[in-house]
Structures are given as structure tokens and as C-alpha cells.
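Enquirer: give me coordinates for this.
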Amino acid sequence: NWMYFSTLANNYEKKHDIENFITALKKSNKYNMQTSNRYYKKKHKKNDEFRILNLILNKTSCFNINSKLKNVLDFTPIFVVGMPRSGTSLLEQMLANHPKVFGAGEVKFFSTDIYDEINKQSSDDEYLVLINKIKNNYKKNLSSILSKYNYIVDKNPFNFRFIDIILNSFKGCKILHISRQPQAVCWSIYRNSFGNLSQGWTSDMDQIIRYYQLYEKIMDKWYQEYGKNIYSINYEILSSDPEKEMKRILEICGLEWNRNCIDLGNNSRSIRTLSSGQVRGEIFKGSSELWKNYSQYFPQLTDVSIKN
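Expert: Numbers count the residues shown, from 1 in each chain. Down below sits the predicted model:
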């Protein structure tokens, strides 16, 4: 079963037995995909990730009512978006080490159901009511934190799907889009089980690449429409020269420099993501090259990005 082959893959990897590691990993992911298809996909066709991404890519952007919002926020939400395994946890933890910032983790607030609600709106005024509802509910969910902190980091990477809604809902928010070498992202997703039946695509390399390419297209769409409101961060630059890059990021967010932001061993807040073990202590450099050790088993990795 999935757990057996996953454990087997981990053991072979520790022994540097690449051949058997890949064989066990492929079997583990195959079982995970079968389980997802059997128990989730048939019952939740509406929530199929590829249907959702294509819907976002092909839909008309939301009404741009940001200028109509009456009240500027009394706090600054910082949305860290990107692909899973692209460095969102690292960037959030670096920001959360700042004394004025609270790292809220992956806030489960925006959902794909939002688009069903938006499609029902027929005018700017109706949309404005919905946007105010989103903003007020978000503040309510974070009320205990907002009494102590003015800067909140929301690092749910999948929020890249909702950038137009976020910008319309939160006047003055910061959107930090972190990207990483495409092959490294796709390999890391395939290598690390997400344990979520709704994300069966993470267990198949071809589907991972398909997802990545749709993500690139969606981000290109957002940059064309909202480019001045989206700040690009490169994972490789951040990990190789963290001080210089964090100074730039903090300036974007309206925060003064604080050395704690590059001292990742100095934050006691729990991190509940696959990356948790990697954002304690020293910043790991060179991880984006690991995929090359396994490229012969996944030749499709050479053509991941649509930008090549």
C-alpha cells in the first residue's frame, strides 16, 4: 500500500540506492493517486483542480472596485503566493521573525466557492457588497491576532488563484509571489506526499507539470492586469543572499530591517507544513539542483516551463 512503499522509498533514499528509491516512490505515488481517484475525484468533480485553474484562466477578471473601497485597512495583510514547494514557508518564516509581524500560516479562508459567488454578481454595487463581506470575515477570523500585530503573513500558496479578489478586497495589501526553478518545484512536489485526497495531481509527474504550466499562465495573466501590485521574489536569490533580498522585501512591506529575519533558529512559532523541517536553523542553499540526480527517470522535467 501507499504507506509501505513510502517508507521503503525513504529507506532507499537514505542508503543512496537511487534505482530502488525511484521504483518504490513511483509505486507509493501510484497508490496515492488511485486512492484519490477512488474516494475523492468521483464525488467532488466540481472541485477538480484542473477545471478550477482553467476556469480562472479563461474568466473575465473581477470588477476593479478597489478605488471604491471607502476604508483603508487598519492592518497590512502580506499574502505569500506561488506553487507548493517553491519557498513560501521559508519566506513566511523569515518575515515572521520580524517583531512587528505575525506568521498566520496557511489561512483557510479563500475557497473556490468564491467564484460561484462572484459569478452571481451582476453589478459593481453587488460585487462591492461581496468584497466587503470577504474583508470583514477575514478580519473577524484573525481578530485575536490583530489586537497584537499590524502585519499578518498569509502564506497559503494556492492563493495565487485569487489575486484579483485579494487585491479588490484588501486595499493596501502586499502580494509577494515567490518562484523557484520549475524542475525543482515539480520534483519536490512528486517526492513529498501531501496526504490530501483533493490533491491527487501531486502524485503524478505529468499532472504536476500540467498544473505548473497552468499556474504560469494564470500568473502571467495577473502580472498583465495587476503587475504593479505583485512583487516577485526568487527563491534561489533569497536563499543565496538572504540579507540583501530580505532588506528589499521588508522595504516593500513598509518594515524596517531586522536581523532576526535571517536568523531562522530564533522563532518558536510552530510550522505545520511539509517544509517545517527545512526552515529551522540555517537557510539551505543548493536544494534547487537536487532534481538533476533523478532527471533520467523523469525526462519530461526538461520541458516543464512554458517560458523555456
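
Enquirer: and the nearest residue to Glu106 once chain neighbours are set aside, how close does it get to Ile78?
Expert: The shortest distance from Glu106 to any non-neighbouring residue, by C-beta to C-beta, 6 or more residues apart in numbering, is to Asn156 (4.0 Å). Any C-beta I mention is one placed from the backbone N, CA and C, and that applies to glycine too. To Ile78, Asn156 is 12 Å away according to C-beta to C-beta, to the nearest Å.

Enquirer: can you get me a residue count around the residue nearest to Glu106?
Expert: When neighbours are counted by other C-beta atoms under 10 Å, Asn156 registers 21.

Enquirer: pLDDT below threshold where in the stretch 101-250 of the chain?
Expert: The stretch 101-250 of the chain contains residues with pLDDT under 70 at 109-123, 195-197.

Enquirer: and the strands in it?
Expert: 101-103, 151-154, 174-179, 230-234 (DSSP state E, counting those that start in this stretch).

Enquirer: in CSV: those, plus distance to Lys217 and mean neighbour count.
Expert: Formatted as CSV, the strands of the stretch 101-250 of the chain follow (distance: least, C-beta to C-beta, whole Å; neighbours: other C-beta atoms under 10 Å):
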stretch, distance to Lys217, mean neighbour count
strand 101-103, 29, 23
strand 151-154, 23, 24
strand 174-179, 14, 22
strand 230-234, 15, 17
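
Enquirer: of those, which is nearest Thr302?
Expert: With C-beta to C-beta as the measure, strand 174-179 is the member of those nearest Thr302 (18.3 Å).

Enquirer: partner strands of the closest one, parallel or antiparallel?
Expert: Strand 174-179 has the following strand partners under DSSP bridges: strand 76-81 (parallel), strand 230-234 (parallel).

Enquirer: quick one: the residue nearest to Glu106 and Lys108 touch, right?
Expert: Yes - between Asn156 and Lys108 there is a contact under C-beta atoms under 8 Å: 7.3 Å.

Enquirer: need the strands paired with strand 174-179 in CSV (columns: distance to His98).
Expert: CSV is the format used below for these (distance: least, C-beta to C-beta, whole Å):
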stretch, distance to His98
strand 76-81, 10
strand 230-234, 16
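
Enquirer: so which of those strands is nearest Ile209?
Expert: Closest to Ile209 of the strands paired with strand 174-179, according to C-beta to C-beta: strand 76-81, at 19.6 Å.

Enquirer: kindly export the closest one (C-alpha atoms) in PDB.
Expert: The C-alpha trace of strand 76-81 is given here as PDB (Å, rounded to 0.1, in the frame of the first residue of the first chain):
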ATOM      1  CA  THR A  76      -1.400  45.100   6.500                       C
ATOM      2  CA  PRO A  77      -2.000  41.600   5.200                       C
ATOM      3  CA  ILE A  78       1.000  40.100   3.400                       C
ATOM      4  CA  PHE A  79       0.000  37.300   1.000                       C
ATOM      5  CA  VAL A  80       2.800  34.900   0.100                       C
ATOM      6  CA  VAL A  81       1.700  33.000  -3.000                       C
END
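
Enquirer: ok, now how distant is the spatially most central residue of the chain from Asp17?
Expert: In the chain, the residue lying closest to the centroid (C-alpha atoms, centre = their mean) is Pro157, at 1.4 Å. From Pro157 over to Asp17 the distance is 32 Å, taken as C-beta to C-beta.

Enquirer: over to Asn10?
Expert: Relative to Asp17, Asn10 is positioned 11 Å away (C-beta to C-beta).

Enquirer: how about TSV for the strands of the stretch 101-250 of the chain, with distance to Arg85 added?
Expert: Below are these laid out as TSV (distance: least, C-beta to C-beta, whole Å):
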stretch	distance to Arg85
strand 101-103	18
strand 151-154	18
strand 174-179	11
strand 230-234	15
